[in-house]
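A.B. asks: Got a sequence here, can you model it:
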Amino acid sequence: MEEKTTRRASFKKIGVALAALFGIGSANAMTKKEKQAKKEVVGDIVTDQDIPLFSGAVRHGNTLYIAGKGAHTEPFEIKAHTEIVLQELQKELERNGSSMEQVLKVNVYLADLGDYKAMNEVFRGRFGKNPPVRTTVATYGGVPGNSLVEMDCIAAVD
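C.D. replies: Numbering: from 1, shown residues only. Take a look at the predicted model:
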């Protein structure tokens, strides 16, 4: 039994050494400050029958996550809805110490993929000279709340 334990410990040491040599696991190495960072709800908590369902915005360290924003109003026209959604994202970003220029990732959900070109006309240039990474999809069954577009994002915070 002792030989088995010693062999296991040796293999473990070899594995750790190889991981260090090839940089494996370095992505998991966190600074003391990062380890101490806690999830902080900084937006409204949406409830369903008095049970918390999701947070409107969460900050973790220097990263801000903003839940989907939609336009639940008339006129039901894609350019108007895109403008409303982008304004709502901007307000949430600024309220939490970030900005459109600090957005790293945006997800765009369209009720109709046919609105892609018109949505892009409003979206273009709203995030500065270095736009964020973006994914755009058409939703099956539409966007909740009868919005023609919904967007969520991840941003850096100063």
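A.B. asks: Now do the contacts for Asn130.
C.D. replies: By C-beta atoms under 8 Å, 6 or more residues apart in numbering, the contact list for Asn130 reads Glu101. C-beta coordinates here come from the backbone N, C-alpha and C atoms, glycine included.
A.B. asks: For it, give its distance to Ala156.
C.D. replies: From Asn130 across to Ala156, the span is 12 Å (C-beta to C-beta, to the nearest Å).
A.B. asks: Look up the pLDDT of Thr82 for me, please.
C.D. replies: Looking at Thr82, its pLDDT is 98.
A.B. asks: Likewise for the one 5 residues further on?
C.D. replies: Reported pLDDT at Gln87 in the predicted model: 98.
A.B. asks: And the helices in this protein, which stretches?
C.D. replies: 2-22, 32-36, 78-95, 116-123 (DSSP state H).
A.B. asks: Of all the residues in the third one, which ones are buried?
C.D. replies: By neighbour count, with 16 or more other C-beta atoms under 10 Å as the criterion, the buried positions of helix 78-95 are 78, 80-86, 88-90, 92-93.
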